[in-house]
Every structure is written in structure tokens, then in C-alpha cells.
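S.K.: For reference, the sequence and a predicted model appear below.
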Amino acid sequence: QKEVEQDPGPLSVPEGAIVSLNCTYSNSAFQYFMWYRQYSRKGPELLMYTYSSGNKEDGRFTAQVDKSSKYISLFIRDSQPSDSATYLCAMTRPPRLNAGGTSYGKLTFGQGTILTVHP
Amino acid sequence: GAGVSQTPSNKVTEKGKYVELRCDPISGHTALYWYRQSLGQGPEFLIYFQGTGAADDSGLPNDRFFAVRPEGSVSTLKIQRTERGDSAVYLCASSLAPTGTSRPLAKNIQYFGAGTRLSVL
């Protein structure tokens, strides 16, 4: 079983819809959570990051974390065709301080959900 | 440049050949990461450098894979005796990894390059 599970979709919604993307994880050591967006043939780009249970809002995007259930979500309001991409959840353990500085080490990603928003 | 640069963008090779993939991180970023992304999957961690040394190489699949970062900036991922199963997009990321603990997560965000698409025929 993978440490992070994400429904791959694909998910197809009309423009203006509310989109809900979800990940579950099994490792309670994960304390920091991110959502990345990846367009075709591009690298992942960070959308949001959080380390607290609860909600964090940024424009049309809301990230939700429930550490007790090991469940995270990303909501997209008023979805646009330009939101069409693969959405990846990622998580990591608390940082370690070493000779070079404070670093979080590796990210563990979900499989990614392919989202298409059609006009 | 402003972002993480990876070269080549595409690499086609034959089974059994040796390949080198290059990553040029964001200037000033001390941490550098390599990931591999197979079709339809999320990126999987390979190795992470803090400065010149490999801080965690637990994701390297076998001894055919090796990575270096001799001067703490550019990194090269080397794959010997390539196999068809090595075909994937190889992603590089870098982060600032500053000292201290002031809002560490915000300053440790990993920024990704566009990747090198490796095809082993």
C-alpha cells in the first residue's frame, strides 16, 4: 500500500464548478502538506502549503487538512479552463537542522488527479 | 536563470547505454532533489543533496543510478546500463534551506524544473 493515496480521476467539470480533490495518507509522521499543479510537459508548481489542521484559503483555492483522519483536500471555486492540469498532493516530515541549514528532505507525492474544466 | 534548469529536455537512448542528466538549481539554493515521474504517476524521490553531499539517497533504485553535485550547485544524475524500465521524466527541484527556524516551511519550498524526458528503446 502506498503511503499517499490520491484518486487519479480523470475529473471533468464545467466552467464555474467547485472542484474537490482529495488525498489520504497512512504515515502519521507527515506533518507538512502541499498541493502542486502540473501542466502537460511541465514541472510541478506549488499552489499551496500548510502544516496545521483546518482550512487555509488563497483566492479561489482552499486547502483543508484533517490530521486525525489523515485526509487532505483542495477545493477550487469558480473553476476556469486554465485550471485544467494534474493536481498533486505532497507531504513531508518535520524539518531537520543539519550543517547546511534547515531542510525538509524528500516529498512524498500522491498519484495526481487529472482535471479538465470545459467552457 | 530565474528557475531550475534541466538539460536535455528530451533524451532518447538505447538499452544498455550510459546517460547523464543535468540540473542547474536556482541561484543560492543549497538543497537539491531528484525525482522520477513515470507516466500517470506522481514524482518519486530519488536523492537529495544538502550542499555537495548526498543527505538522503534512499530512493535510488539500484547501483546503476548515481548522482553528484561536486561544487554544491549543478548536479548530474548518471544512469549506467539503461533499461527500458528507466524510461520516465526525471525531475529536479531546489530549495533555499536557510539556517534558523523563522517560518522554515515557507523558505523550504521545493521549486521544480521542467524535467528531462528519458526514453530507453
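M.R.: Thanks, I have it.

S.K.: I'd like the next helix or strand past the worst-scoring helix or strand of chain A on mean pLDDT.
M.R.: Least confident helix or strand, chain A: strand A:101-103 with a mean of 61, by mean pLDDT, DSSP states H and E. Helices and strands here follow DSSP states H and E; after strand A:101-103, the next one along the chain is strand A:108-109.

S.K.: Show me what secondary structure element comes after that following strand.
M.R.: strand A:113-118.

S.K.: Would you give the sheet partners of that following strand, along with the direction of each?
M.R.: strand A:11-14 (parallel), strand A:85-92 (antiparallel) (DSSP bridges).

S.K.: okay, these, which one's buried deepest?
M.R.: For these, the largest average neighbour count (mean count of other CB atoms under 10 Å in any protein chain shown) is found in strand A:85-92, namely a mean of 24. No exception for glycine: its C-beta is placed from N, CA and C like everyone else's.

S.K.: Can you tell me what sits against that one?
M.R.: A:4, A:6, A:21, A:23, A:25, A:30-40, A:44, A:47, A:72, A:74, A:104-110, A:112-115, B:42-43 (CB atoms under 8 Å, 6 or more residues apart in numbering or on different chains).

S.K.: Equivalent analysis for stretch A:31-50, please.
M.R.: Contacts for stretch A:31-50 (CB under 8 Å, 6+ apart): A:21, A:51, A:56, A:58, A:61, A:63, A:65, A:67, A:72, A:74, A:85-94, A:104, A:107, A:109, A:112, B:4, B:43, B:91, B:93, B:105-106, B:109-115, B:117.

S.K.: Now the buried members of these.
M.R.: Using 16 or more other CB atoms under 10 Å in any protein chain shown as the burial test, these include A:21, A:51, A:61, A:63, A:65, A:67, A:72, A:74, A:85-92, A:104, A:107, A:109, A:112, B:4, B:43, B:91, B:93, B:105, B:110-115, B:117 as buried.
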